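Peer 1: this one's structure only:
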């Protein structure tokens with residue numbers, strides 16, 4: 001494994017400190033947050049990245065939200081009723097809410113936002129809202145969703161991007177450029193962005209839930225974990241997420257910083273493009289997956305801060321099942337799957353010290369079976385674009401997770417799913433995933449998921465490697481940040497002292 005050289009590490013730190021010296025110190029009312037990537041798309045309909053959600057959750061209000069126990073709680077919707085055998089959801093909306101452009105957020109705006117998420121060309125929300133047949137305005141503060149069939153995950157779906165409500169006026173005016181000029185009703189308003197440098201938000205002083213305690217929220221992308229760490233130490237940022245595992249103990253022991261380390265609900269692994277050679281061959285996909293030592297990766301790369309993964313549902317989440325077990329490395333089986341023929345391919349990933357080390361460990365593990373992998377690194381937004389276009393052999397990409405298990409499996413493996421990066425299609429799996437959506441009892445859904453996973457694991461369009469935790473570091477004077485398992489940092493009540 002190739003480590004960062006001392007020279008390079010010092011160079012990164014020097015660049016970081018120089019940057020900090022050129023930037024005026026953050027005032028008591030300005031919070032700067034270091035992220036691991038530049039958010040590609042600040043549009044709830046188009047977004048497919050966790051890093052987008054970090055920013056959009058400050059700009060947009062959602063129909064409902066989550067608490068620390070993943071319970072659905074009121075947000076724009078103050079209450080709701082489910083009738084007609086689970087086919088009709090009627091929401092009462094909070095009164096007096098306005099978008100940051102001054103226009104009202106009423107039932108008509110909610111209908112527009114939900115319909116936009118359902119129908120906009122390229123929307124990644126279509127499958128999430130596929131069961132919604134009609135959105136109807138009952139009165140100014142009441143909106144009703146009629147479903148084509150029961151859909152148990154609906155409320156959970158509305159706690160995320162599918163439930164984010166955009167300003168109809170702004171969205172119609174901006175068109176395709178809305179992702180660069182997002183307008184919502186959230187606690188912060190979008191000001192500006194410079195790609196690969198910063199996104200700047202101002203506090204919404206007239207926010208219906210009370211004005212935020214900080215005046216300005218700035219996000220800066222640092223794909224390299226060493227650079228994120230150096231910027232936190234230098235004072236150029238007051239919080240970073242995620243923390244590289246090797247830095248956790250150092251920050252925990254440093255009296256100037258606080259560390260949040262709490263369970264997540266997502267997964268990480270490797271996609272195989274089944275639409276073209278070499279991975280249109282199931283045996284070759286299975287061969288690569290069989291070389292991966294998940295326990296070794298958890299210990300050597302992540303210092304025990306992650307858990308080896310068996311499937312899409314982490315331990316402690318509703319659909320986790322002991323029937324789905326972690327795959328053990330089996331080099332002999334991998335060689336047998338190869339049939340004595342060489343295999344070489346390109347592994348697509350993003351820059352960063354951890355992703356680079358992980359890619360190199362994969363490369364070495366593959367090589368044990370005679371498999372040659374070339375590593376190609378691209379910026380995160382480029383990786384997502386290529387993933388959507390199936391322009392790769394294999395790629396390292398995970399998921400931040402959703403409170404309802406449907407959000408961790410359906411869109412990834414249903415034919416044409418917006419997160420189905422493999423281009424995978426299996427009619428039996430499609431039928432099972434649709435069946436699980438319509439089941440209300442979680443035990444019944446788990447049984448259905450397990451049958452579907454038996455086929456998915458055999459077909460291997462994706463191989464799960466580990467379940468991540470949410471890792472956040474901040475200056476000691478930052479208060480009010482609540483650890484929500486979805487990994488989204490909510491800054492409305494955060495204060496700097």
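Peer 2: Received it, and whenever you're ready, just let me know what you need. All values reported here derive from a predicted model rather than from experimental measurement.
Peer 1: what residue spans form the domains of the protein?
Peer 2: According to automatic domain parsing, the chain comprises the domains 27-36+187-261+471-496, 64-171, 268-467.
Peer 1: how near is residue 294 to residue 49?
Peer 2: Using C-beta to C-beta, to the nearest Å, residue 294 is found at 24 Å from residue 49. Just so you know, the C-beta spots here come from the backbone N, C-alpha and C atoms, and that holds for glycine as well.
Peer 1: tell me how many other residues surround residue 130.
Peer 2: 18 (other C-beta atoms under 10 Å).
Peer 1: how close does it get to residue 400?
Peer 2: To residue 400, residue 130 is 21 Å away according to C-beta to C-beta.
Peer 1: one step back: ok, which of the domains of the chain comes nearest residue 177?
Peer 2: domain 64-171 (10.1 Å; C-beta to C-beta).
Peer 1: for the closest one, measure first residue to last.
Peer 2: One end of domain 64-171 to the other measures 21 Å (C-alpha to C-alpha, to the nearest Å).
Peer 1: ditto for stretch 120-133
Peer 2: 15 Å.
Peer 1: mind listing residues that contact that stretch?
Peer 2: 44-48, 114, 116-119, 145-151, 154, 157, 161-162, 407, 410-411, 414, 416-419, 437 (C-beta atoms under 8 Å, 6 or more residues apart in numbering).
Peer 1: coming back round to it: can I get the domains of the chain in JSON lines with mean pLDDT and distance to residue 179?
Peer 2: Compiled in JSON lines, those are given as follows (pLDDT from 0 to 100; distance: least, C-beta to C-beta, whole Å):
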{"stretch": "domain 27-36+187-261+471-496", "mean pLDDT": "95", "distance to residue 179": "10"}
{"stretch": "domain 64-171", "mean pLDDT": "96", "distance to residue 179": "10"}
{"stretch": "domain 268-467", "mean pLDDT": "96", "distance to residue 179": "11"}
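Peer 1: how about those domains, which one is nearest residue 54?
Peer 2: The nearest among the domains of the chain, by C-beta to C-beta, is domain 27-36+187-261+471-496 at 6.1 Å.
Peer 1: which residue is the nearest non-sequential neighbour of residue 157?
Peer 2: residue 128 (4.8 Å; C-beta to C-beta, 6 or more residues apart in numbering).
Peer 1: need the helices for the stretch 201-350 of the chain, in chain order.
Peer 2: Under the criterion DSSP state H, counting those that start in this stretch, helices of the stretch 201-350 of the chain are mapped to 225-234, 248-252, 282-290, 294-300, 331-338.
Peer 1: now the ones you listed as CSV including mean neighbour count and distance to residue 396?
Peer 2: Converted to CSV, the helices of the stretch 201-350 of the chain look like this (neighbours: other C-beta atoms under 10 Å; distance: least, C-beta to C-beta, whole Å):
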stretch, mean neighbour count, distance to residue 396
helix 225-234, 23, 15
helix 248-252, 16, 21
helix 282-290, 22, 12
helix 294-300, 17, 12
helix 331-338, 17, 19
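Peer 1: thinking again about what came up before, for residue 55, which of the domains of the chain is the nearest?
Peer 2: domain 27-36+187-261+471-496 (5.8 Å).
Peer 1: dump the helices of the stretch 201-350 of the chain to JSON lines, plus distance to residue 208.
Peer 2: Shown next, in JSON lines, are the helices of the stretch 201-350 of the chain (distance: least, C-beta to C-beta, whole Å):
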{"stretch": "helix 225-234", "distance to residue 208": "33"}
{"stretch": "helix 248-252", "distance to residue 208": "36"}
{"stretch": "helix 282-290", "distance to residue 208": "49"}
{"stretch": "helix 294-300", "distance to residue 208": "44"}
{"stretch": "helix 331-338", "distance to residue 208": "57"}
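Peer 1: these: which one's closest to residue 34?
Peer 2: helix 225-234 (4.5 Å).
Peer 1: so which elements touch the closest one?
Peer 2: On a contact count with 3 or more C-beta pairs under 8 Å, 6 or more residues apart in numbering; DSSP states H and E, helix 225-234 meets helix 6-22, strand 30-35, strand 239-241, helix 353-367.
Peer 1: distance from stretch 344-352 to the middle of the chain?
Peer 2: Between the centre of stretch 344-352 and the centre of its chain there are 19 Å (C-alpha atoms, centre = their mean, to the nearest Å).
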